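A.B. asks: sequence first, predicted model second:
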Amino acid sequence: MKLWHSFSKELILSSKSWYFYIELGMAIVLLVILVFVVPEDFDSKGKDYLYLDLPQVVQDRYMKNLLEEDLDTITEQVELEADNQIYSAKLYETKESKIYLLESREALDAISNSERVPVVHVRVNEDQQIVYTYYLQGYETRKLQNLLLVYHNRLAGHDVIEDYSNRIEVRRLYEDSAPLNDKENMIPVFLTFNGSLMSLFIIAAYIFLDKSEGIIKAYAITASSVWHYLLSKIGVIIVTSIMTSLIITIPIMGNQPNYPAMMLFLVTSGFFAASLGLLLTSFFKDIVEAFGAMYIVIVIMIMPEWLFSYWQTIDSKRHCPCKGASQNDKKNIHYIFTGYENQCKELHHLVHSCCTGYFCRPH
Amino acid sequence: MIKVKNLYHSYNNDENYAVNDVNFEIEKGEIFGFLGPSGAGKSTTQNILVGLLQLQKGEVEVAGYDVKHIKDKMFNKIGMSFEQSNVYSKMSGIENLEFYRKLFDVKTRDPKELIKLVGLDGKENTKAGKYSKGMKHRLTFARSMINNPELWFLDEPTTGLDPSIAANIKDIIKQENEKGATVFLTTHNMYIADELCDRVAFIVDGKIRLIDSPKALKLKYGEKLVDVEYLKNGELIKEQLSTVAESEKARIVEVISNYDIQTMHTKEATLEEIFIKVTGRGLV
């Protein structure tokens, strides 16, 4: 009963404090961002820029193939701006990528310079073979470079890849689940931010407020245990966290989520963050003194992410030929890969797949 | 009610003791004054007794409980009024008391009755944050009575209060004591100690220098003299006469009988004077 009285008192007190409304306000702000700013699907399609320096007959056949894959089977005429110049291009939008067919080599160079994206020059050589020249930017991984080399090596590459990819079996473990859209995918991040990070700060603020008012001493001279006091604080933080999370989740997700599992996540993450906040408050007199320690704790908590990013960077630098070059040098470095291929349709999928970091099975 | 034996406490866990070999006992129903200047070790001792500070060295028994192993139940018997008011500023006076009464396992007092007792009636529904310093202090004082404490710790109970309210607080302390409450009064106000306490302890630099009743101390350290001012032929005469020597006792009677007395004071020593005499220190 004493725990319940402490908890209900804390709820009343928190409803009278600014922190409570800051949390609610923050949840509403995040909801507004999700509803009005974050699109359901980010434009994550890769953009491929090609210049077909080919005889008209081959070009027509190439474009006919692209048109078959185009979502609305209509070639869109667009204008691209690069280096303060406007260039015309044909746009084909497939499921995976947006393919821009440029009209000149000059346009290709301008796009490569200004957009800092890989571009492809497709031409016919003296032996009447189609040659693909990739102008890379220097940030591409060795894996991508190798893949392009292998892919265009007819003897060792394409057949092997196709054969391999044909043998890949993809099974869905949860048949009734559907992937989340980009807006929905943002919710866990917001819940973690609002539930855990805010819990850490707000419980510290509550405790320091009690300290400054001398409430803790008065509570200590009662027949109620210290753990009642602490648990009631944590309880209030968790309830607030659940309320703010529901404010964000229900309007966006409706009844889709597994709410019991979400509650479990909120309770455990809130409990952890609040406990950490309590631990910090026991070492410091006020919130100003505690800020330094809180910063250190947050840094420690995000350190795994830093290390992960660091090793990724090290890994890519190890394979990057422009390692050690200045930023200015890098700007001017283009890695040119040349391969031979005549199945241009598949090439586009592969280029797109590699550029966006995913491997998908070529159609 | 309280037994303290060889109590030591050091804030830095070294030999620099804030409380140094303190020993005393308080009987049930007694009002015990713990007197000393700021930093003498009064609050440290009191905080150890109520468990706000951990017992480092020594033996302490409070209300029948060993302070080394404090149990929540002990606080059903204890009440404490802090020098610095510490109430929930976002709750009203009555809400503060209603909340605290639920934290005890014993029969508690009616918050409205306590509000009235300390003169806060009419303000009970105002947020404590809007109270004046004196009102907050009275609310803190009222809260300390909520569980009908057998042992009542009062830390400077009249500090910052105007004289009429301070008198009211003193009356309440006397009444509660008459009902059986044992009072541990921490103060540097010797007049309150003199008026209320059955016994007082003088503490300086962490050590108790003396424990006795105010009356006994006055007898021991006071001078048995009377200062008298009277008019003789229109002229104001001052005399200091002994209340012990037979000749001067007769002179006192003569002066009272024959002259117009203007003022007359016994030269009884105050507790403050005795404190200075005993400790060589003032009370500030």
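C.D. replies: Structure's in. What do you need?

A.B. asks: ok, the spatially closest residue to residue A:5 that is not a sequence neighbour to residue A:6 distance?
C.D. replies: Closest residue to residue A:5 apart from its sequence neighbours, by CB to CB, 6 or more residues apart in numbering or on different chains: residue B:102 at 4.2 Å. The C-beta positions use only the backbone N, C-alpha and C, and glycine is treated the same way. Separation of residue B:102 from residue A:6 (CB to CB, to the nearest Å) stands at 9 Å.

A.B. asks: these two: who's more crowded?
C.D. replies: Higher neighbour count among residue B:102 and residue A:6: residue A:6, with 26 against 17, using other CB atoms under 10 Å in any protein chain shown.

A.B. asks: these two touch, right, that one and residue A:224?
C.D. replies: Yes. In this structure residue A:6 lies within contact range of residue A:224 using CB atoms under 8 Å: 6.6 Å.

A.B. asks: quick check: neighbours shared by the two?
C.D. replies: Both residue A:6 and residue A:224 are contacted by residue B:103, under the criterion CB atoms under 8 Å, 6 or more residues apart in numbering or on different chains.

A.B. asks: so for the residue in the stretch 1-150 of chain B positioned nearest to chain A, what's the nearest residue that isn't a sequence neighbour?
C.D. replies: Of all residues in the stretch 1-150 of chain B, the one sitting closest to chain A is residue B:86 (3.0 Å; CB to the nearest CB). Spatial nearest neighbour of residue B:86, chain neighbours left out: residue A:214 (3.0 Å); criterion: CB to CB, 6+ apart.

A.B. asks: list the contacts for the one you found?
C.D. replies: Listed by CB under 8 Å, 6+ apart, the contact partners of residue A:214 are B:82, B:84, B:85, B:86.

A.B. asks: out of these, which sit inside helices?
C.D. replies: Per DSSP state H, helices hold no members of those.

A.B. asks: what about residue B:24, helix or strand, and which?
C.D. replies: If you go by DSSP states H and E, residue B:24 is part of strand B:19-26.

A.B. asks: for that strand, which helices and strands make contact with it?
C.D. replies: strand B:2-9, helix B:42-49, strand B:207-212 (3 or more CB pairs under 8 Å, 6 or more residues apart in numbering or on different chains; DSSP states H and E).

A.B. asks: residue B:136: what's it in contact with?
C.D. replies: Residues in contact with residue B:136 (CB under 8 Å, 6+ apart) are B:85, B:87, B:128.

A.B. asks: measure the first one to residue A:98 for me?
C.D. replies: The span separating residue B:85 from residue A:98 equals 69 Å under the rule CB to CB.

A.B. asks: for residue A:31, what are its contacts?
C.D. replies: For residue A:31, the contacting residues are A:247, A:248, A:251, A:252, by CB under 8 Å, 6+ apart.

A.B. asks: which helices and strands sit right next to the helix or strand where residue A:189 lies?
C.D. replies: Using DSSP H and E, residue A:189 sits in helix A:182-192. Helix A:182-192 sits against helix A:226-253, helix A:259-281, with contacts defined as 3+ CB pairs under 8 Å, 6+ apart.

A.B. asks: nearest to residue A:182 among the contacts of residue A:31?
C.D. replies: If you rank those by distance to residue A:182 using CB to CB, residue A:252 comes first, at 11.6 Å.

A.B. asks: backbone torsions only: list them for the residue nearest to that closest one when sequence neighbours are not counted.
C.D. replies: In this structure, residue A:252 finds its nearest non-sequential neighbour in residue A:34, 5.7 Å apart by CB to CB, 6+ apart. Dihedral pair for residue A:34: phi -60, psi -40, per degrees, to the nearest 10.

A.B. asks: just the mean pLDDT for the helix holding residue A:189, thanks.
C.D. replies: In this model, helix A:182-192 has a mean pLDDT of 82.

A.B. asks: in terms of pLDDT, where does residue A:177 sit?
C.D. replies: At residue A:177, pLDDT is 69.

A.B. asks: list the contacts for residue 27?
C.D. replies: Picked chain A for this. Residue A:27 touches A:194, A:243, A:244, A:245, A:247, A:248, counting by CB under 8 Å, 6+ apart.

A.B. asks: hmm, I had chain B in mind actually
C.D. replies: B:1, B:182.

A.B. asks: so the residue nearest to residue A:5 touches residue A:1, yeah?
C.D. replies: Yes. The pair residue B:102 / residue A:1 is scored as a contact, 7.4 Å apart, by CB under 8 Å.

A.B. asks: thinking again about what came up before, quick check: phi and psi at the residue nearest to residue B:86.
C.D. replies: phi 80, psi 10.

A.B. asks: same question for residue B:237.
C.D. replies: Dihedral angles (degrees, to the nearest 10) for residue B:237: phi -110, psi 140.

A.B. asks: near chain B, which residues of the stretch 101-250 of chain A?
C.D. replies: Within the stretch 101-250 of chain A, the residues that sit near chain B (CB under 8 Å from any CB of the partner chain) are A:213, A:214, A:215, A:217, A:218, A:219, A:220, A:221, A:222, A:223, A:224, A:225.
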